[in-house]
Structures are given as structure tokens and as C-alpha cells.
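[1] output the structure for:
(2 chains)
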There are 2 protein chains.
Amino acid sequence: MSLVVQKFGGSSVASVERIKNVARRVKAEKDNGNRVVVVVSAMGDTTDEILNLAKQIGPLLSEREIDMLLATGEQQSAALLALTLNNMGCKAVSLTGWQAGIYTDTLHTKARISKIHPDRIWKELREGNVVVVAGFQGMTGDGDITTLGRGGSDTTAVALAAVLKADICDIYTDVDGVYTADPRVVPNAKKLSWISYDEMLELASLGAVVMQPRAVEFAKLHGVRVQVRSSFNGGNGTTIMEGREMENGRIVTGVAHDLNVAKLALFDVPDVPGMAKTIFKALAQQGINVDMIIQSATRDERNDISFTITRDDLARALPVVEKVAGEIGANGFTYGEDVAKVSIVGAGMQSNPGVAASMFEALADEGINIQMISTSEIKVSCIIDADSVEKAVNALHAKFRLHEIEE
Amino acid sequence: MSLVVQKFGGSSVASVERIKNVARRVKAEKDNGNRVVVVVSAMGDTTDEILNLAKQIGPLLSEREIDMLLATGEQQSAALLALTLNNMGCKAVSLTGWQAGIYTDTLHTKARISKIHPDRIWKELREGNVVVVAGFQGMTGDGDITTLGRGGSDTTAVALAAVLKADICDIYTDVDGVYTADPRVVPNAKKLSWISYDEMLELASLGAVVMQPRAVEFAKLHGVRVQVRSSFNGGNGTTIMEGREMENGRIVTGVAHDLNVAKLALFDVPDVPGMAKTIFKALAQQGINVDMIIQSATRDERNDISFTITRDDLARALPVVEKVAGEIGANGFTYGEDVAKVSIVGAGMQSNPGVAASMFEALADEGINIQMISTSEIKVSCIIDADSVEKAVNALHAKFRLHEIEE
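    The predicted structure is shown next:
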């Protein structure tokens, strides 16, 4: 008898019909003799609808109250799923975050799980119940309701799988796994049967958000084996696990691309200590995340400093950069929105020199100019013209023969 | 500094605009230097909408899960009101039933409050917060969410007023008080400035449901002074208090009428012990409430037994009565739906003989035939033709000079 944690996202429970579909899947797992804990998100766009209603009030000044409001969405879908399971003759009970013993810190709307007391879950499992837990939420030590931020239901599922020592944590979603590239861009992209935590994290941060990065980090930290799979068909998905468990020849696992990128550059920044700090602290104070940063070699005791941010943040970043440029005595700045990021990811590149060179060659062969480069141990990213992104992704997919990867 | 409990029903918080209206009223009370606890129902038809969604699943087999589902409605309206108050510069915090320390028994969907631990409420009041409590809900000793049944928010408000020893409990509703008769039927009906708990209970059970009878009972038991008033205008409403506090000359306080009545009669029931028990136990087992019961004088060792139920229950009652009539050897039965109940209520009639006679006289003067009569210490009810109800109510209102009652 295995213990299985299953998580179903908002689109999987968006209607009563879909909830019935989910219930059939849960019941099948139970009928196979397994103990089942299910984590659900709010139905479809419920969370946005509730927030839009609240925004009619005016500025929302209390994050504690926003959590109080939003947590109802998951409580509803959990109860509806439990009712549906009962209706199919499958014993089930729903629990809110606090009833499931999920404690968090006090950072309302983006709380982090601090500990889990799963006594109530164990009691219900012992009594033969499927336990349906409202995802995305928990409780502070003072008894206030918190939410974990967007995608928090993934984290709930992984955290419960960790503390319950579940055999598998299945994340059901509207895609059927992790692909070597976006199938809408690369028609012969292949679904991966497995991927390492680190590769998944890189892919997620590069724009291929199949699962929340925080949840992947949590899974890595606690060694939870996670499977991303489709809630609409029955096939196997992609299992996320420790890289060392997979002795294999894969060098590059996937190609990611991201169009939500803007590029900025400050010219002739004085070559004295503290310049980079001043620039990026000012951006951080506005909550603007900086992705790639490049400082060119010194020339005449002045540097050019380029960096990228998400395109969404550009409007807020420009006045900050303009002000900072004046303060530090830079000789002006430019920005561009017509750029994109293409990346290759693969744990195997650590022990295989020349991967980056192959990437640059593939892009050069297509006549694509590289504007910025950034590397980590298991990825190489290039900023290129936005117009070339489709050509680039296909060229890289072909170069590393990802269409030949075994599913 | 007074402590005020205010309760706002579903229609008072049915939209963001209305919630803003409620918030202005709450803030005014706070700005007057009072400590304020607010109890809210779910927005408008939210509870029905949630239930209708759930009913798409099929039969709802778990009342625990229904409570889990329904309790979200009040949690949302409480959070929205707290957010609105914050927005107006009025410190406020919302609490669910369990956060407010409201414990109940385990009778899901119709739980009763067993105890209240108001520590959290006191803490928030000390910190200068308006405390907005989600009405209609509580928690069992095992940490399960319960609801108190329809109108439960009234009970929440009265119970909190009792345990907090509030100076007043204001029940805001869509009518502006308790009237001597339904103003839609009697154009010169007067709003009462006060009424006793007992009179209010009689009126409520007679079809004039301004406030839930359970909440009135609770208020009587704990001596909570309750004011029923309009959430849409600023005038005083009707205060419900101990009858003995009101030395006065009022004999009859109001006239009530109820069209949701059906009459049944069994003929020639054998005059042996156990007949009434058999009939009414069978009905009780089907959850059918019997209101008036009349057994005529014995004739030839057989009785006629007549009784009334709500018209809504008639279809379910008929097969039960048919079966029982056969079992006990009655000589058939009849039923009628074209009847109504008119009642006069007044604590003063206890010490004023002849009130019932005046009632019968008023009805006779209008040529209205009385089919059944039932009395209690402070009311007299008559079953009459449904067609005559408007004439009867106006005649009784005039007979007891209720249009002259001082507001």
C-alpha cells in the first residue's frame, strides 16, 4: 500500500464536470489500494474573481484580510471534491490549511511553510478517508490565515508529500509533462520522462513554468519525487528527481525561451567601487528583479553596464535608472524591448566542455546575433532579437538532437 | 465608552457599494467612541449560489462538507468589510467563527453554540480594532467547521453580545423595525418602539419573521437587549427586551397572519389511549411540524382530530396521514389548503380577560367564520378562509386600536 499525494490545479477543478473527472482519478488511486491525499487549487479563475471584487473597494491595505478572502477559494473546491467523492461511494473528508496542520510564517500573501503537524491527516487516513486538503494556505502561530502566493498549491502538495513520506507526489496540470522545448514553437519537441530538480529549476526560471520553482526547490530539499502529468489524459508525465539517480548520456535536456525580457544599458559608468551596488539596490528597492548583468571590460576608467529585467517591469524601472544614471555620473543609458532570451539547460553540460560553443555556433549558422550571454553550471542563456526567437529555438533543438531523446 | 454589537444581514452586504454603506455606519459608531463588534452574513444570495453549484454534483451526502463549503460566504463578506473599513481609515480585523472562539456541538448545518472563548476578540478590541466576525458559523471541539443554520448570524450576534456583555446588540435588516401588522396589508400599521422577548417570539412563530426565533430565545435567556433596525435609513428601530421592564397599558401588541397553512382532519378516531401519539409520531418521523391540534369532544366513543401544518409540508404529509388513518381505524380524512392563520399577540392579555372574545367579535362582525382556535398566554390564533385574511387583519388592527400605539 502506497501513500500518494495528488495535486490538481485550478483548470482541473474549474467546473463541477471537471471536479467529477478529478474524483474518478482519485477514486481509481484509492481503489488500487493506496492511501490518497489530494491537494486542490481554487476553481478556475475564482481567485482572480474574488480579487477583482475586492479591488472595487479601492486600494487593498491589509494583506491579512486579502488572505482571509482568498483562502475561501480553495476551501470551496476542497469541499466540493470531497462531496463528489462521497457521491461516488468513496469516503473523503476535506481540510483547510489550518485543519491540515500547515503552519507558516506571518508574511501574508506570500507566506512560507514553517512546519506541518499532520496528526489530523493521519487520523483521517487511518479511518479510510481520502483527505482533500485546500492548497495555497496555512495558519500563523497566532491563528491567522495565510496564503502561500501564486502557485502555492504546488508547495502545499510537495510539503505534505515530504512530511507524510509519500511514495509519489503527482502534480496534475493542463500539460502532460515537461518538454524538450515549447511544442507550439518546436513541432517535434519531445516529452521528457524524467528531469533533475536543478534542470527543472533552470527551465522554470527561464520561462517554462510547468511547476512553481519554490515547490521544485522544496522537493529538492526534501528529496520528494514529483511527477508532472496531465489531468485530462491518462499517460505518464515527467518525473522530477535527483540528477544523480539518472546515469545517462544526456548533455542538454531542453531549450527554453522567454519573450518577457527588456534590456537596459548604462554608458561610461565611473570605474570606482560601489557603482553596481548603487544601481541594483535602487532597482531592488522598487521590487524589480534583475536577471542577467554584464559589465564590459574597463576602458578609460569607465565601464558599460548592461542588464535585463522582465518587460512588465520596464515602465517602473526607467525613472529609477534615469535618476541613478545622473547620481553616479554615467554618460546616459538606453533600453530595448525587442529582445528575447533563449537558453539551453542540461545537467550533463557540467562534464562536457564545448556545449556553449556549440550553442553559439548554432545561432551563428542561422545568422542570429548574440547581444548578451549568461551561464550557470547547467545552462547557457543568450539575449537575441525577439524576431529570431523561433528560428533560434528550432536551431538549438536540432543542434543538440533533442528530437531523438527517449521518452 | 459602550461596547456595541452590530449585525448586518445578507441584503445589507450584497454588493461592494452596500458594504461601503455598512462600513460608514460602523465607522460612525466607532468614531462616537464606542468599541464595535460587527457580525456579517454572506453577501446577498451567495449561500444559495454555492449550494446550487454543489447540487450539480448530485445528492449532498456529507453535512460536514456542506458546512465547510457554506462557511466561506461569511468569511468573504467579513474580510471585504474589514478591507473597506481599513480603506476609510478605520482599523479593523476580520475573524472566522473559529478564530472568534465560537464553539458549537457537532450537528452540522444546524449546530448550536456551546461556548465562546472571546480572548481573541478582546485582544483586537484592546488594540483599537473594529472586530468583524463571520456570522452563522463555529467550530466543534475536534476542529471541524460548523454552521448554525438559516438565520444563524442573528444568533452569532446575540451570543457575542451576551458573552462580551455588550450594551446593545443592533440587528440591521431590510425592514426598519417590528410593526403592529404587516404594513403591506394594513396601511396604517405602526412601528413599535419596543416589544418583549415573548411577544417577539410569538410574532416570529406566527409568520412575522423579522429576526430568527432562536436568536430571540437566546437573547431572552441571557437578557441581551436587541434592537432591530434598518440598514438603509438612520432611524431608531424596535428594541426587544424583558416584558417586565415595560410597565404600560398595551394589551395587544400586534396582529400577525400566515398563509403558509394547511388543515387536515381525521374522522371518527377510536376513543382509546395512544391514538394522538400514533398520528403525530408518524408525522414527526417525517420531519413534519404540526402547529395547531384540536380534538373535538367524544361522540359515540369516537373523536375527530384536526391539525394544521405548513402548506409546504402537505404533499409529504398526505401519504403518512392516509396510512395512519387505516392503521388506527379512522373513518377517513380530509385536508384543505385554502386556509390562513390570523393571530393577535400581546403580553398584556394575560391580565386582561375578554381579549379573545373581542377578537372573535371583530371577526364575526366581518362575517368571517372561525374554523380552529388556539391560544397561549400571550396570543390567540384563528384559522379562517384564506380569502378573508386581509379583511381579518385590518379588522383586528382596528378593533385593538393598534394605529394609536405610540411609536
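
[2] mind listing the helices for the stretch 51-200 of chain A?
    Along the stretch 51-200 of chain A, counting by DSSP state H, counting those that start in this stretch, helices occupy A:63-87, A:119-126, A:152-163, A:197-205.

[3] which among those is found nearest to chain B?
    helix A:63-87 (3.8 Å; C-beta to the nearest C-beta). C-beta: built from backbone N, CA, C; applies to glycine.

[4] turn the helices of the stretch 51-200 of chain A into JSON lines, including mean pLDDT.
    Shown next, in JSON lines, are these (pLDDT from 0 to 100):
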{"stretch": "helix A:63-87", "mean pLDDT": "97"}
{"stretch": "helix A:119-126", "mean pLDDT": "98"}
{"stretch": "helix A:152-163", "mean pLDDT": "96"}
{"stretch": "helix A:197-205", "mean pLDDT": "86"}
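
[5] could I get those as JSON lines with mean neighbour count?
    Output for these, formatted as JSON lines (neighbours: other C-beta atoms under 10 Å in any protein chain shown):
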{"stretch": "helix A:63-87", "mean neighbour count": "26"}
{"stretch": "helix A:119-126", "mean neighbour count": "16"}
{"stretch": "helix A:152-163", "mean neighbour count": "27"}
{"stretch": "helix A:197-205", "mean neighbour count": "24"}
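
[6] shouldn't A:Val158 be in contact with A:Ala166?
    No. A:Val158 is beyond contact range of A:Ala166, at 9.4 Å (criterion: C-beta atoms under 8 Å).

[7] touching both of the two, which residues are there?
    A:Val224 (C-beta atoms under 8 Å, 6 or more residues apart in numbering or on different chains).

[8] between the helices of the stretch 51-200 of chain A, which gets nearest to B:Gln6?
    Among the helices of the stretch 51-200 of chain A, the nearest to B:Gln6 by C-beta to C-beta is helix A:63-87 (18.4 Å).

[9] pLDDT value on A:Glu247, please?
    A:Glu247 is assigned a predicted lDDT (pLDDT) of 53.

[10] can you name the residue of the stretch 201-350 of chain A nearest to chain B?
    Counting by C-beta to the nearest C-beta, the stretch 201-350 of chain A gets nearest chain B through A:Ser231, at 17.9 Å.

[11] residue contacts, that residue?
    Per C-beta under 8 Å, 6+ apart, neighbours of A:Ser231: A:8-9, A:11-12, A:21-22, A:25, A:172-174.

[12] quickly list what the closest residue to A:Trp98 other than its chain neighbours is bridged to.
    Distance criterion C-beta to C-beta, 6 or more residues apart in numbering or on different chains; nearest residue to A:Trp98, sequence neighbours excluded, is A:Met139 at 3.7 Å. Bridge pairing for A:Met139 (DSSP bridges) gives the partners A:Tyr103, A:Ile145.

[13] for A:Arg35, same thing?
    The residues that A:Arg35 bridges to, once DSSP bridges is applied, are A:Leu3.

[14] pLDDT score assigned to it?
    Predicted confidence (pLDDT) for A:Arg35: 98.

[15] format the helices of the stretch 51-200 of chain A as a markdown table; extra columns: distance to chain B.
    Shown next, in a markdown table, are the helices of the stretch 51-200 of chain A (distance: least, C-beta to the nearest C-beta, whole Å):
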| stretch | distance to chain B |
| --- | --- |
| helix A:63-87 | 4 |
| helix A:119-126 | 7 |
| helix A:152-163 | 17 |
| helix A:197-205 | 31 |
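
[16] rebuild those helices as CSV, extending it with distance to A:Thr106.
    Shown next, in CSV, are these (distance: least, C-beta to C-beta, whole Å):
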stretch, distance to A:Thr106
helix A:63-87, 9
helix A:119-126, 22
helix A:152-163, 15
helix A:197-205, 27
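
[17] which one of those lies nearest to B:Val133?
    For the helices of the stretch 51-200 of chain A, the distance to B:Val133 is smallest for helix A:63-87, at 11.8 Å, taking C-beta to C-beta.

[18] got the angle between that closest one and helix B:63-87?
    For helix A:63-87 against helix B:63-87, the angle by axes from the mean of the first three to the mean of the last three C-alpha atoms, to 10 degrees is 160 degrees.

[19] helix A:63-87: how far from the chain's middle?
    23 Å (C-alpha atoms, centre = their mean, to the nearest Å).

[20] before we move on, what about stretch A:311-325?
    Counting by C-alpha atoms, centre = their mean, stretch A:311-325 comes out at 25 Å from the chain centroid.

[21] what about that stretch, average pLDDT?
    93.

[22] hang on, the earlier thing: neighbour-wise, which one of the contacts of A:Ser231 leads?
    A:Phe8 (29 neighbours; other C-beta atoms under 10 Å in any protein chain shown).

[23] does it touch A:Val39 like I think?
    Yes. The pair A:Phe8 / A:Val39 is scored as a contact, 7.4 Å apart, by C-beta under 8 Å.

[24] confidence score at the residue of chain A positioned farthest from its centre?
    Each residue of chain A has a distance to the centre, and by C-alpha atoms, centre = their mean the biggest one is for A:Asp300: 42.7 Å. A:Asp300 carries a pLDDT value of 75.

[25] which parts of the stretch 1-150 of chain A sit against chain B?
    A:16, A:19-20, A:50, A:53-54, A:56-62, A:64-66, A:68-69, A:71-72, A:75-76, A:78-80, A:82-84, A:86-87, A:93-94, A:96, A:99, A:120, A:143-145 (C-beta under 8 Å from any C-beta of the partner chain).

[26] how close does A:Asn86 get to A:Thr375?
    Distance, A:Asn86 to A:Thr375, by C-beta to C-beta, to the nearest Å: 53 Å.

[27] with A:Glu124 instead?
    48 Å.

[28] again, but for A:Arg316
    Distance, A:Arg316 to A:Thr375, using C-beta to C-beta: 28 Å.

[29] repeat that for A:Asp387.
    24 Å.
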